[in-house]
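> starting from these lines, generate the structure:
(chains A and B)
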Protein chains: 2
Amino acid sequence: MSLPSGLMRQLERHVPMLTWAKEYNKDTLTSDAVAAVIVTIMLIPQSLAYALLAGLPAEMGLYASILPLVAYAIFGTSRALAVGPVAVVSLMTAASIGNLGLSTPAEIALAAGTLAFISGVILAIMGVLRLGFLANFLSHPVIAGFITASGVLIATSQLKHILGIQAGGDNLIELIHSLFEHQHATNPITLAIGLTTVAFLFWVRKGLKPLLLSFGLKPRLADILAKAGPVGAVVVTTLLVFLFDLENKGVKIVGDVPTGLPPLTMPSFSPSMWSQLFISALLISVIGFVESVSVASTLAAKKRQRIIPDQELVGLGASNIASAISGGYPVTGGFARSVVNFDAGAETPAAGAFTAIGIGLAALLLTPLLFFLPKATLAATIIVAVLSLVDFSILTKTWGYSKVDFTAVFATIFLTLGMGVEVGVSAGVILSIGLFLYKTSKPHVAEVGLVPTTQHFRNINRHEVETHPSVVTLRIDESLYFANASFLQDLVYDRVACDQPIRHVVLMCSAVNEIDMSALESLEAINTRLKDLGIKLHMSEVKGPVMDRLKRSHFLDEMTGKVFLSQYDAYVELQPKAI
Amino acid sequence: MSLPSGLMRQLERHVPMLTWAKEYNKDTLTSDAVAAVIVTIMLIPQSLAYALLAGLPAEMGLYASILPLVAYAIFGTSRALAVGPVAVVSLMTAASIGNLGLSTPAEIALAAGTLAFISGVILAIMGVLRLGFLANFLSHPVIAGFITASGVLIATSQLKHILGIQAGGDNLIELIHSLFEHQHATNPITLAIGLTTVAFLFWVRKGLKPLLLSFGLKPRLADILAKAGPVGAVVVTTLLVFLFDLENKGVKIVGDVPTGLPPLTMPSFSPSMWSQLFISALLISVIGFVESVSVASTLAAKKRQRIIPDQELVGLGASNIASAISGGYPVTGGFARSVVNFDAGAETPAAGAFTAIGIGLAALLLTPLLFFLPKATLAATIIVAVLSLVDFSILTKTWGYSKVDFTAVFATIFLTLGMGVEVGVSAGVILSIGLFLYKTSKPHVAEVGLVPTTQHFRNINRHEVETHPSVVTLRIDESLYFANASFLQDLVYDRVACDQPIRHVVLMCSAVNEIDMSALESLEAINTRLKDLGIKLHMSEVKGPVMDRLKRSHFLDEMTGKVFLSQYDAYVELQPKAI
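Numbering: from 1, shown residues only, chains lettered A, B, ... in the order given. Predicted structure coming up:
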């Protein structure tokens, strides 16, 4: 290479492919190719099923599993992440497009592509601006609650295909109501296919692997065969429909799936569509990114590798833009398929590119075979896949640990089920932040005293400590900022309003990480008020960064007392001297 | 009274009037009555002027100064607060109603009353639910910036009346553009009246009191007479217009003001109007409440009295509802008039009720005299009043102290001037909260060591301290919660990834006020990772409330190291033993 090394490093950072491509050899090729074959087999029914869940034609699921994988292979940093359509994002796509009230399939497909495009642009911009940290504002319990509630919604939404009826709705109440309204039209053959497939797939998950092992298969092969269960169900039920002409007995089938590689498509640039889709695209981007990064970092940790969240944003952004221009819809890194990819031995993102070739071949060659595939089979694969995501134990875990976390999770689950995915996840985020701010606005404050024989100070209500009646030491367990500035004032005034002969108030600032302008004004007000009462105000254990800032104001000149390096110094100096 | 004492206390809390009414006597009556006369004289021109600023007929200003004062006297807790139309809220009312695109005066009056009603309901509900703390989320610098920018906007908006032209706009750019566009139509007589009045009022503020004092008047009387300056200007300019028939020379006058007490009015209950006005009403409520509470608590502190913010919400809510049903518009506690009320000796809220009687008499008797009052005079009183609110020094103060505060103030001022009051204040609030969250998501972390001869630990980069290479102690200067949970993980992993023979990592938690569920999961991940690397994880100085919560989880059982009461204990126990 004749590029200067600085520029090359720059380029490698933004195009991670350049790093791993240099070390690519026959061994990694073999590993990647094997993983790709397995993931391809798993991804074909999943792609079709998730497109169905998103309310889109089946082929869009295949298209979303080709170019996006190549784009991620070039720009992504995870070596095991498998990108493509996933359950939660498909549900969110359905909810978002459902709001638009479109009628023709062409309009719906255009809206789905545009959604992917907007989402891709948002992700890429966030990546370039290094805004990956924004995803941190989704708390773990809120994500867990959201995924669980989404799983319930998704499974419920698929029941109509199992029953062979028309039904719909954006939340659990609407879905259940609609199912009851139409259940009289249940098609018994469809129901039989659906239920049998669900039962078979559950058995495949639990029972097939032990069975294969007892036949003497190697554990890894048994594992892989078990993952291919859905393909077996697809083949068998398709044959059944074909052989017994079940289509004419009311079993809904996938029908014509166009043969060929993805078409080149253009997203819409209509401002009205962008403004209608923007919030949905933002939510899809954030949820997709969080899901993807959590999978990618878990897998990376197992091999002592690291992912770079801001570059992941670029990778997912590129994937979604690729999806938008090749007839797909929003994609992200999926949990199940990434684990399969990892377990099957994928070494580099090239495995993803090879998977794309596999799906591309399927789109070219296999689509005519999908004509008689019953929708009930796809619905069954979705139901079995998402029920593994449902885990209400987050409610009991948070209940035991923290009521604040519990409140956020409960609201997320309740609102996702009751009002749909967009309201649910937005409420979860807003509530987590709101509750955090509420807590910091009413901080814990402890009156402290000296733990005997040490230089350590602790809460007078929890420990046996020494104090002097003329000195009150308050340890404020929070940064002082606008939201709690007036709380601090009230607190100090209340504490000094007593008969005790208080001469000194010490604010122990070991837990104060910040004093903003509003809090500074409150401190000035406290200082003035205490001065009127003949009480001196002191501070102790003020941290470096906080002290730096206080020195830039006039407060330290006006303060009646002193700033002590340690609380022990304050204690020794302020205690009444024995004569 | 035959009521049980518990019920009575309950009632007194919600109707503070019952408390002070018991002690009411001739002395307090006299003090209140004197204060009421002075405030009435000051309030008459102000009420008319602020109604003009809000784009409403002059009489609505008077109506908003009658019943609301009585309602506040019953439900409010401040003994000096004078409620009525104020400058900033009037500007916000104008902006809010301007958005609706109404044309007839009746529609505009109905919208103004509805705005007051919604605002009253919001305030009262916030009071009953004790949500007064929400106002704390407006930081002091943001409020200061908002008031300053509003003052500039208000003064600029009144220039059209001084010039005698038509002009308008919601932000500084529109206002200035519109003034330039119409300045050719300037009416010279109006301009003369306006400029002379402005000059006169400025002189009254600065020069009249010393002059009166030199005539031998008592300071308090001189002070009060100086406050009556606007009334003098009103009388003189009205006479000028009447005597010289200036109306027919193009001087705009107030014209017909209906005589009589306020009419009983009904707010609109149209859902579309409520949804259009709701956000504006919320902003008006919060800004009005913050302004009112800051005035009330400043005045209360001077007499060692206290106000109860949640009851203040109820008081202001009642005032606004009273305003809505008596032909008024949104009101709140005003700064200037409350100071005058206080200085004039008001002892109880009854002074407000007496002021209401004064304004009521004015509405009954004086309105015919206001026919020839020039609008330029009212505009001059507004300009002089609001320019005293303008103080850009908040920019330099925050610049020196904290860039975060500066950013919030600058954005507030810039956006208020450039995009109007609603955008400005919303941006200020969102930005303050956003910046606070951003800071907490990337907390300050110090590696600490022992300050020799003490048991005190400080930053190794700022102080001369002792450390052991096998023990790394990190003091985390922030609560651990979802927004910084992954930051903590990265930080610890980065720190231990070095050649140093690290055996122990101690997290010193003196500044950790909270460990939420997300952070707990991060700690578990850190513990597992360090275990793999053969490093023990310890914690020290964990606070009571945090420890209580950790004990409820399984983390302490799984943790490889110990929890030490003090960092010194950890230091002593973990240092490599000399053999």
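
> name the residues of stretch A:410-418 that come out as buried.
For stretch A:410-418, a neighbour-count test (16 or more other C-beta atoms under 10 Å in any protein chain shown) marks A:F410, A:A411, A:T412, A:I413, A:L415, A:T416, A:L417 as buried. Using the backbone N, CA and C atoms, a C-beta is placed for each residue, glycine as well.

> show me the contacts for A:A322.
Neighbour list for A:A322: A:L67, A:P68, A:V70, A:A71, A:G120, A:G328 [criterion: C-beta atoms under 8 Å, 6 or more residues apart in numbering or on different chains].

> likewise A:L417?
A:A149, A:V152, A:L153, A:N171, A:L172, A:G424.

> now the helix or strand hosting it, how far from the centre of its chain.
For A:L417, the element it lies in under DSSP states H and E is helix A:403-419. Chain-centre distance of helix A:403-419: 15 Å, with C-alpha atoms, centre = their mean, to the nearest Å.

> and the strands in the stretch 351-500 of chain A, which stretches?
For the stretch 351-500 of chain A, the strands defined by DSSP state E, counting those that start in this stretch cover A:445-450, A:457-459, A:471-476.

> got a list of contacts for the second one?
Read it as strand A:457-459. Contacts for strand A:457-459 (C-beta under 8 Å, 6+ apart): A:446-451, A:465, A:473, A:475, A:508, A:567-568, A:571, B:544, B:565.

> which residue in these has the weakest pLDDT?
When the contacts of strand A:457-459 are compared on pLDDT, B:G544 comes out lowest, with 85.

> around the residue lying closest to that residue once chain neighbours are set aside, how many other residues sit close by?
Using C-beta to C-beta, 6 or more residues apart in numbering or on different chains and skipping the chain neighbours, the partner closest in space to B:G544 is A:R462 (5.0 Å). Neighbour count of A:R462, defined by other C-beta atoms under 10 Å in any protein chain shown: 14.

> repeat that for A:A350.
So A:A350, with other C-beta under 10 Å, has 23 neighbours.

> correct me if wrong: it contacts A:T28.
Yes - using C-beta atoms under 8 Å, A:A350 is in contact with A:T28, at 7.4 Å.

> before we move on, back to that, most neighbours, which of the contacts of A:L417?
Ranking the contacts of A:L417 using other C-beta under 10 Å puts A:A149 first, with 29 neighbours.

> pLDDT on the helix or strand containing that residue, on average?
Taking DSSP H and E as the definition, A:A149 sits inside helix A:140-163. The pLDDT scores in helix A:140-163 average 90.

> likewise for stretch A:354-365?
92.

> export it to PDB, keeping only CA atoms.
Provided in PDB are the C-alpha atoms of stretch A:354-365 (Å, rounded to 0.1, in the frame of the first residue of the first chain):
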ATOM      1  CA  PHE A 354     -21.400 -15.400   2.200                       C
ATOM      2  CA  THR A 355     -24.800 -15.700   3.800                       C
ATOM      3  CA  ALA A 356     -26.000 -12.900   1.400                       C
ATOM      4  CA  ILE A 357     -24.800 -15.100  -1.500                       C
ATOM      5  CA  GLY A 358     -26.800 -18.000  -0.100                       C
ATOM      6  CA  ILE A 359     -30.000 -16.000   0.300                       C
ATOM      7  CA  GLY A 360     -29.400 -14.500  -3.200                       C
ATOM      8  CA  LEU A 361     -29.300 -18.000  -4.600                       C
ATOM      9  CA  ALA A 362     -32.500 -18.800  -2.800                       C
ATOM     10  CA  ALA A 363     -34.100 -15.700  -4.300                       C
ATOM     11  CA  LEU A 364     -33.000 -16.800  -7.700                       C
ATOM     12  CA  LEU A 365     -33.800 -20.500  -7.500                       C
END
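
> which residues sit in contact with the nearest residue to A:S470 once chain neighbours are set aside?
Leaving aside its chain neighbours, A:S470 sits nearest to A:R503 (4.3 Å; criterion: C-beta to C-beta, 6+ apart). By C-beta under 8 Å, 6+ apart, the residues touching A:R503 are A:S470, A:V471, A:G534, A:I535, A:K536.

> measure A:R503 to A:K536 for me?
7 Å (C-beta to C-beta, to the nearest Å).

> and what of A:T367?
From A:T367 over to A:K536 (counting by C-beta to C-beta), the distance is 84 Å.

> list the contacts for the closest residue to A:T381 other than its chain neighbours?
Excluding the flanking residues, the one nearest A:T381 by C-beta to C-beta, 6+ apart is A:P230, at 4.6 Å. If a contact means C-beta under 8 Å, 6+ apart, then A:P230 has A:M42, A:P45, A:Q46, A:L201, A:V204, A:T381 as its contacts.

> which entries within the contacts of strand A:457-459 meet the buried criterion?
Buried among the contacts of strand A:457-459 (16+ other C-beta under 10 Å): A:446, A:448-451, A:465, A:473, A:475, A:508, A:567-568, A:571, B:565.

> just give me the neighbour total for A:L474.
Neighbour tally, A:L474, other C-beta under 10 Å: 18.

> kindly list the longest helix within chain A.
If you go by DSSP state H, chain A has its longest helix at helix A:271-302.

> packing partners of it?
Packing partners of helix A:271-302 (3 or more C-beta pairs under 8 Å, 6 or more residues apart in numbering or on different chains; DSSP states H and E): helix A:87-98, helix A:105-128, helix A:140-163, helix A:309-324, strand A:332-333, helix A:335-343, helix A:421-441.

> okay, the residue nearest to A:T381 and A:L387: tell me how far apart.
Taken as C-beta to C-beta, the span from A:P230 to A:L387 is 14 Å.

> these two touch, right, A:T238 and A:L378?
No - contact criterion C-beta under 8 Å: A:T238 and A:L378 do not qualify, at 10.8 Å.

> between those two, who's got more neighbours?
A count of neighbours by other C-beta under 10 Å puts A:L378 above the other of A:T238 and A:L378, at 31 against 19.

> is the residue nearest to that one when sequence neighbours are not counted within a helix or a strand, and which one?
Among residues not flanking A:L378 along the chain, A:A49 sits closest, at 4.0 Å (C-beta to C-beta, 6+ apart). Per DSSP H and E: A:A49 is located in helix A:26-53.

> just how off-centre is that helix within its chain?
That offset, for helix A:26-53, works out to 23 Å (C-alpha atoms, centre = their mean).

> and the very next helix or strand once past it, what does it pack onto?
Counting by DSSP H and E, the next helix or strand C-terminal to helix A:26-53 is helix A:58-63. The contact analysis (3+ C-beta pairs under 8 Å, 6+ apart) places helix A:58-63 against helix A:26-53, helix A:350-365.

> list the helices and strands the shortest one packs on?
I take that to be helix A:350-365. helix A:26-53, helix A:58-63, helix A:67-75, helix A:335-343.

> that helix to helix A:67-75, inter-axis angle?
160 degrees (axes from the mean of the first three to the mean of the last three C-alpha atoms, to 10 degrees).

> residues in contact with helix A:350-365: which ones?
Contacts of helix A:350-365 (C-beta under 8 Å, 6+ apart): A:20, A:24, A:28-29, A:31-33, A:35-37, A:39-40, A:43-44, A:47, A:59, A:62-63, A:65-67, A:69-70, A:72-73, A:76, A:80-83, A:259-262, A:341, A:346.
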